[in-house]
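Asks: sequence and predicted structure are below.
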Amino acid sequence: MGRAIPTSLSGVIEYLELEGDLVVTLDSLRAAMEAAGYGDPSEDRVRTVAYQLQRAGWLGTVRSRNAWEFQPGSRGGPYGSGDRFIEFRAYAATHPNWPGLLAMESAAGVHGLAQRFPEREVVALPKGTPEPKSFRREWRVITTALPSTASTMINDLRVWTVEALLVGIGERPTNYRDMAGLAQWLSEAASRANVSVMRELLRLLPIAATQRTAYLFAAVDDHHARDQILGSSKPTQVVWFGPRSKSGVFDAATGVHDTVLRRFLSAGTGA
């Protein structure tokens with residue numbers, strides 16, 4: 001399905017092609033128009049051009065306001081990229097100071113740990129940060145006490161570090177919805193993680209999070225890292241890794257009663 005290139009917009013399309021961004025914002029479209037000789041276009045003029053590019057099949061819609069998905073000529077028609085993070089990219093592009101990070105199953109996938117996509121991608125927000133409306137249908141939003149600095153950039157996406165991923169699971173295991181998958185990649189993640197960085201993150205969280213995070217290392221027989229995370233303090237309370245209504249396995253070294261993860265580790269399965 002071919003697309004026409006309106007003569008009046010050819011310079012704008014050429015600029016967008018050269019930039020190669022997946023997401024076009026109101027500001028980036030204005031920059032494209034200025035580069036194509038439109039001078040300093042008004043917001044109304046920029047929106048008119050956006051509408052024209054949409055009608056011509058060069059811009060696709062997203063739920064975030066003032067953003068569109070660019071559909072370059074290399075796709076051979078008005079086809080979306082299929083990027084499952086396009087909404088995240090769009091909202092982050094239009095809200096530069098937004099603290100949202102890809103987290104839990106989404107973070108595990110971006111880091112190359114998880115081998116299958118989650119039912120819904122996951123974004124973490126600091127407690128008290130409102131959930132964007134554009135995420136309410138297709139995304140799962142969690143809150144965390146972890147700082148937004150516990151992040152890295154991968155493929156132009158802001159995502160939890162491996163350390164933050166493990167600590168985030170320790171903070172609230174129920175926020176990770178694929179225990180079979182976690183059992184499969186946990187050993188690799190533990191080998192990548194910097195324990196000193198994790199200890200700094202855990203200072204922001206209750207002691208129960210430290211116990212559960214230490215248990216993740218105990219579960220893959222990394223007792224040295226387990227002891228480093230626990231430090232000099234010995235667990236004085238029992239904490240749960242999973243629902244209390246289920247039977248499980250108690251780990252005395254960390255004081256953790258695991259009702260969800262151990263059976264997958266024993267089975268050696270996951271995805």
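Replies: Done, it's in.

Asks: list the residues that contact residue 265.
Replies: Counting by CB atoms under 8 Å, 6 or more residues apart in numbering, residue 265 makes contact with 183, 186, 219, 220. C-beta coordinates here come from the backbone N, C-alpha and C atoms, glycine included.

Asks: quick check on it: phi, psi?
Replies: With angles defined as degrees, to the nearest 10, residue 265 sits at phi -70, psi -40.

Asks: just the pLDDT at it, thanks.
Replies: With respect to pLDDT, residue 265 has a value of 90.

Asks: for residue 185, see how far away it is.
Replies: 11 Å (CB to CB, to the nearest Å).

Asks: any low-confidence regions in the protein?
Replies: Along the chain, the parts satisfying pLDDT under 70 run over 1-2, 76-79, 267-271.

Asks: show me where it has its strands.
Replies: Using DSSP state E, the strands of the chain run over 23-25, 59-61, 67-70, 101-102, 121-126, 139-144, 151-154, 157-160, 239-241, 249-251, 256-258.

Asks: save the ones you listed as JSON lines, and put in distance to residue 31 and mean neighbour count too.
Replies: Shown next, in JSON lines, are those (distance: least, CB to CB, whole Å; neighbours: other CB atoms under 10 Å):
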{"stretch": "strand 23-25", "distance to residue 31": "9", "mean neighbour count": "23"}
{"stretch": "strand 59-61", "distance to residue 31": "15", "mean neighbour count": "17"}
{"stretch": "strand 67-70", "distance to residue 31": "13", "mean neighbour count": "22"}
{"stretch": "strand 101-102", "distance to residue 31": "27", "mean neighbour count": "27"}
{"stretch": "strand 121-126", "distance to residue 31": "27", "mean neighbour count": "22"}
{"stretch": "strand 139-144", "distance to residue 31": "29", "mean neighbour count": "18"}
{"stretch": "strand 151-154", "distance to residue 31": "22", "mean neighbour count": "15"}
{"stretch": "strand 157-160", "distance to residue 31": "22", "mean neighbour count": "22"}
{"stretch": "strand 239-241", "distance to residue 31": "49", "mean neighbour count": "21"}
{"stretch": "strand 249-251", "distance to residue 31": "56", "mean neighbour count": "16"}
{"stretch": "strand 256-258", "distance to residue 31": "52", "mean neighbour count": "24"}
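
Asks: how about CSV for these, with distance to residue 177 added?
Replies: Output for those, formatted as CSV (distance: least, CB to CB, whole Å):
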stretch, distance to residue 177
strand 23-25, 27
strand 59-61, 29
strand 67-70, 27
strand 101-102, 15
strand 121-126, 8
strand 139-144, 8
strand 151-154, 21
strand 157-160, 15
strand 239-241, 14
strand 249-251, 21
strand 256-258, 16
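
Asks: residue 112 is nearest to which of these?
Replies: Closest approach to residue 112 among the strands of the chain is made by strand 151-154 (9.0 Å; CB to CB).

Asks: ok, the closest one: who's next to it in the sheet?
Replies: Strand 151-154 sits in its sheet next to strand 157-160 (antiparallel), going by DSSP bridges.

Asks: contacts for the partner strand next, please.
Replies: Residues from elsewhere that reach strand 157-160 (CB under 8 Å, 6+ apart): 85, 88-89, 92, 100-103, 106-107, 110-111, 124, 146, 148, 150-153, 168.
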